[in-house]
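Enquirer: I'll drop the sequence and a predicted model, then ask my questions.
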Amino acid sequence: MAHISAEDLRAIKAAVFLAALVPLARLAWLAWHGGLGANPIEYITRSTGWWTLSFLLITLSVTPLRRWTGWNWLIKLRRTLGLHAFFYGLLHFTTYVWLDQLFSWMDIAKDVVKRPFITVGFSAFVLLIPLAITSTNAMVRRLGWRRWQMLHRLVYVIATLGAVHFWWLVKKDIREPLVFAAILASLLLARAWFAMRKSVSAPVKTSRSQAA
């Protein structure tokens, strides 16, 4: 699996794309059959938020998986996964603004100011927007790789804000937020470990090249 053909990669991308739409299809199915419970708006809001955070963590897991397995083609899936995180975040935000608050901007502004978990969630969504806008190859060329990479490291901040948003939303049973927080902490530790290995190995390579 270290190397796959272009045809296989296209098939995997298509499968990932379709699989990422399953949560939306499930919501539509439940809505059509009256299965969204006593409070459909809350159900949709929580479901889309849950999948936003899930896709953020799945996106963040791509780089560690690629490095541990040597499957470099995994990096080709990261954009699709990240855009689905934004897609579900947009649905989450739209559900709140449209169905929950009925576009009452005054009430939304009060919510953002007075309720910390709304403030944190709103901040996470706002930070997601530039990442979605600059996800194309053209924007990578326009910004330059280094600046683009620095901008997209915001995803770690966004995922952290998302985990805090979920934790503060839940009042009693914190098992699910705890699982998300533990996965995020593991991914951040993996990121720090890879960065440390890179900084340690860099001087060695430099000294070898100088010796040669």
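Expert: Cool, the structure landed. Numbering: from 1, shown residues only.

Enquirer: Endpoint to endpoint, stretch 138-149 covers what distance?
Expert: This stretch, stretch 138-149, spans 14 Å end to end (CA to CA, to the nearest Å).

Enquirer: Give the buried residues for that stretch.
Expert: Residues of stretch 138-149 classed as buried: W148 (neighbour count, 16 or more other CB atoms under 10 Å). Using the backbone N, CA and C atoms, a C-beta is placed for each residue, glycine as well.

Enquirer: try stretch 157-171
Expert: I158, A159, T160, L161, G162, A163, V164, H165, F166, W167, W168, L169.

Enquirer: and which of the residues you listed is nearest L74?
Expert: Distance to L74 across the buried residues of stretch 157-171 (CB to CB) is lowest for A159, with 18.1 Å.

Enquirer: which one's the longest helix in this protein?
Expert: helix 175-211 (DSSP state H).

Enquirer: buried ones in that one?
Expert: P177, F180, A181, I183, L184, L187, A190.

Enquirer: between those residues, which is closest to P64?
Expert: Taking CB to CB as the measure, P64 lies nearest A190 of the buried residues of helix 175-211, at 4.3 Å.

Enquirer: residues near G49, how many?
Expert: G49 has 22 neighbouring residues, counting by other CB atoms under 10 Å.
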